[in-house]
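Visitor: output the structure for:
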Amino acid sequence: MIASNLGCPRIGRARELKTALEQYWAGQIPEAALREVGRGIRRESWSLQVELGIEHVPSNDFSLYDHVLDMATVVGAVPSRFAPGPGVAPDLAVYFAMARGASSGPGAERPVPAPLRMTKWFDTNYHFLVPELEPDTVFGLASTKPIDEFLEAKALGIHTRPVLLGPVSFALLSRIDRAGTDADPVAGVVDRLVPVYADLLERLERAGADWVQMDEPGLALELAPTVLRALVHAYERLGRRSARPRLLLASYFGGLGDNLETVLRLPVGALHLDLVRAPETLAPAVAQAPPTLSLSLGVVDGRNVWRTDLEGALHLVETACERLGAERVLVAPSCSLLHCPIGSRCGAPGGRRTSTGPWTPSASPPAAPATAPRSTPTCATRTSTRSSTRSPAWMPTCCRSRAPAPAWPSSGRCGGAPTPTTSGPACTTSMPRTSPARARSRRACRPLSRSCRSSGSGSIPTAG
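Guide: Okay, here's the model as predicted:
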């Protein structure tokens, strides 16, 4: 049995990424300093996971802004109005212009076009940037970020499993200009993306990767027959190649439903199941899984901070081990831990937080006394029942989410200012309803309403 993880928060224990980005956008630090902060966060995340016994440690789960935007730059899906050139990786100024629509970073004085639009990442409170695919978009491997971060971890003596947003989900989440001859534009985009993914997988295999995690959260949606055929065709082409790592196909935010039978026939090495949202998926999966397929069991909720029902999780794991054998079972969170807050006391006892003051390359950040962790939940871990799971208007009609929206916790009100121990604002239910402290806290939180939704989920206020 293998201990696995699908992804980690990327903002840093003391929100170092948010601080560094704001300093970079204000022209206070250079690009090299910003990238050094990113390297420090990745190094700490990888080391912590190894220390805690994780065997499949993810890489390429870090992003300076948004992982969907990162994948768009990897495959060369950059709108023509940003004009970096066909197959040319955008520089950091163009990257942030796509994200923010304003001159970003020192030296970026020219006006820039409107940014990509944002929408909710399925039924979470994280918002991603929607790729725009034009009829003349030429896909090609324009960035080697997944390979670079795999080699970065390898240089530290840590073997990782690179994470890629899969071609089907990337196409489903994109805004596709439907001018063209494709009967189904999503299927047409998937077909054009497959050679780029094949090239990337081959390069990762040459770099030493033995597993690659292909995130396909779109499999939790109701897919049109044309999209399912595109899924099968794509993974047949990727999975049958001789020069490639083993593929772990990760689906989350819901059960596979009618897609399960199709997915179990794909030539992949492992399939991840979100057993927090859909524990009923396990029984048919273990019954129909071919002998060459391993199952990754998402038994720990990756979207909140509540204690796991260990007896229930153990029952699911034992059921799979009895049917498949322990060597074909991976234990993992239900989805990436991107959506969980991270604070100064994460990891081993005695951990300390770092300063969020200005970054200086010549000195380490000063230590600060650790504060006691709060027992109350953070705003970032809640998903309102008002958060609809309906697809945005621009998404193809072939997609309709089956996942129910989770309920709010039974207690707690949003109203606190951010604290050092979490990356989202804390609740103030312990205060009297009419207390001056509560009123001040609510006033402080009001201009940070976007931070409540994003910073605790591993992102930054401007990204969510």
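Visitor: all strands of the protein, in order?
Guide: In the chain, the strands defined using DSSP state E lie at 2-3, 57-59, 118-120, 127-129, 132-133, 160-165, 175-176, 211-215, 246-250, 270-274, 294-300, 329-333, 414-418, 425-427.
Visitor: low-confidence regions, the chain specifically.
Guide: 83-89, 102-112, 179-182, 344-464 (pLDDT under 70).
Visitor: A198 and R241 touch, don't they?
Guide: Yes. In this structure A198 lies within contact range of R241 using Cβ atoms under 8 Å: 6.2 Å. Just so you know, the C-beta spots here come from the backbone N, C-alpha and C atoms, and that holds for glycine as well.
Visitor: more neighbours: which of those two?
Guide: Between A198 and R241, A198 has the larger neighbour count (other Cβ atoms under 10 Å), namely 17 against 13.
Visitor: tell me the spacing between the more buried one and Q23.
Guide: In this view, A198 and Q23 are 39 Å apart by Cβ to Cβ, to the nearest Å.
Visitor: go on, D309?
Guide: From D309 to Q23 the distance is 42 Å (Cβ to Cβ).
Visitor: neighbour-wise, which of the two wins?
Guide: Each of D309 and Q23 has its neighbours counted (other Cβ under 10 Å); Q23 has more, 18 against 14.
Visitor: right, and the more buried one touches E31 too?
Guide: No. Q23 is not in contact with E31 according to Cβ under 8 Å; the separation is 11.4 Å.
Visitor: what about L337, how many residues nearby?
Guide: L337, neighbours per other Cβ under 10 Å, totals 25.
Visitor: does it really touch P9, like I thought?
Guide: Yes. Counting by Cβ under 8 Å, L337 touches P9, with 6.0 Å between them.
Visitor: for this structure, what's the longest helix?
Guide: The longest helix of the chain (DSSP state H) is helix 185-207.
Visitor: okay, buried residues for that helix please.
Guide: Neighbour-count burial for helix 185-207, with 16 or more other Cβ atoms under 10 Å as criterion, is recorded at 185-194, 196-198, 200-201, 203-205, 207.
Visitor: how about stretch 250-260?
Guide: For stretch 250-260, by 16+ other Cβ under 10 Å, it's A250, S251, Y252, F253, G254, G255, L256, G257, N259, L260.
Visitor: what's the farthest-apart pair in those residues?
Guide: A250 and G257 (16.3 Å; Cβ to Cβ).
Visitor: for the longest helix of the chain, packing partners?
Guide: Applying 3 or more Cβ pairs under 8 Å, 6 or more residues apart in numbering; DSSP states H and E, we find helix 185-207 packed against helix 145-155, strand 160-165, helix 167-173, strand 175-176, helix 225-239.
Visitor: mean neighbour count and distance to D70 for those - can I get that in JSON lines?
Guide: Listed next are those as JSON lines, based on neighbours: other Cβ atoms under 10 Å; distance: least, Cβ to Cβ, whole Å:
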{"stretch": "helix 145-155", "mean neighbour count": "18", "distance to D70": "6"}
{"stretch": "strand 160-165", "mean neighbour count": "24", "distance to D70": "8"}
{"stretch": "helix 167-173", "mean neighbour count": "26", "distance to D70": "11"}
{"stretch": "strand 175-176", "mean neighbour count": "20", "distance to D70": "17"}
{"stretch": "helix 225-239", "mean neighbour count": "19", "distance to D70": "20"}
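Visitor: redo those as JSON lines? Include distance to P279.
Guide: Converted to JSON lines, the helices and strands packed on helix 185-207 look like this (distance: least, Cβ to Cβ, whole Å):
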{"stretch": "helix 145-155", "distance to P279": "32"}
{"stretch": "strand 160-165", "distance to P279": "24"}
{"stretch": "helix 167-173", "distance to P279": "23"}
{"stretch": "strand 175-176", "distance to P279": "34"}
{"stretch": "helix 225-239", "distance to P279": "24"}
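Visitor: to V317, which of those lies closest?
Guide: Taking those one by one with Cβ to Cβ, strand 160-165 is closest: 19.8 Å.
Visitor: give me the sheet partners of that closest one and which way each runs.
Guide: Here strand 160-165 has these sheet partners by DSSP bridges: strand 57-59 (parallel), strand 211-215 (parallel).
Visitor: out of these, flag the one nearest F150.
Guide: strand 57-59 (5.2 Å).
Visitor: hmm, back to that, so which of the helices and strands packed on helix 185-207 comes closest to R265?
Guide: Closest among those, once you apply Cβ to Cβ, is helix 225-239, at 7.5 Å.
Visitor: give me the packing partners of that closest one, helices and strands only.
Guide: Helices and strands touching helix 225-239, by 3+ Cβ pairs under 8 Å, 6+ apart, are helix 167-173, helix 185-207, strand 246-250, helix 260-264.
Visitor: hmm, 7 Å instead?
Guide: Under the contact criterion of 3 or more Cβ pairs under 7 Å, 6 or more residues apart in numbering; DSSP states H and E, helix 225-239 touches helix 167-173, helix 185-207.
Visitor: what's the closest of these to H67?
Guide: helix 167-173 (10.7 Å).
Visitor: give me the residues contacting that closest one.
Guide: Contacting residues not belonging to helix 167-173 are listed as 68, 71, 130-131, 186, 189-190, 193-194, 197, 215-218, 227, 230-231, 234, 395-396, 399 [Cβ atoms under 7 Å, 6 or more residues apart in numbering].
Visitor: about what we covered before: for L264, which of the helices and strands packed on helix 185-207 is the nearest?
Guide: Across those, closest to L264 is helix 225-239 (Cβ to Cβ), at 11.5 Å.
Visitor: kindly export the closest one (C-alpha atoms) in PDB.
Guide: Output of helix 225-239 as PDB, limited to C-alpha atoms (Å, rounded to 0.1, in the frame of the first residue of the first chain):
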ATOM      1  CA  PRO A 225     -20.900  10.600 -26.100                       C
ATOM      2  CA  THR A 226     -18.600  12.600 -28.400                       C
ATOM      3  CA  VAL A 227     -16.500  13.800 -25.400                       C
ATOM      4  CA  LEU A 228     -16.300  10.200 -24.000                       C
ATOM      5  CA  ARG A 229     -15.100   9.000 -27.400                       C
ATOM      6  CA  ALA A 230     -12.500  11.700 -27.400                       C
ATOM      7  CA  LEU A 231     -11.400  10.700 -23.900                       C
ATOM      8  CA  VAL A 232     -11.000   7.000 -24.900                       C
ATOM      9  CA  HIS A 233      -9.100   8.000 -28.100                       C
ATOM     10  CA  ALA A 234      -6.800  10.400 -26.300                       C
ATOM     11  CA  TYR A 235      -5.800   7.900 -23.500                       C
ATOM     12  CA  GLU A 236      -5.500   5.100 -26.000                       C
ATOM     13  CA  ARG A 237      -2.900   7.200 -27.800                       C
ATOM     14  CA  LEU A 238      -1.100   8.300 -24.600                       C
ATOM     15  CA  GLY A 239      -1.400   5.000 -22.700                       C
END
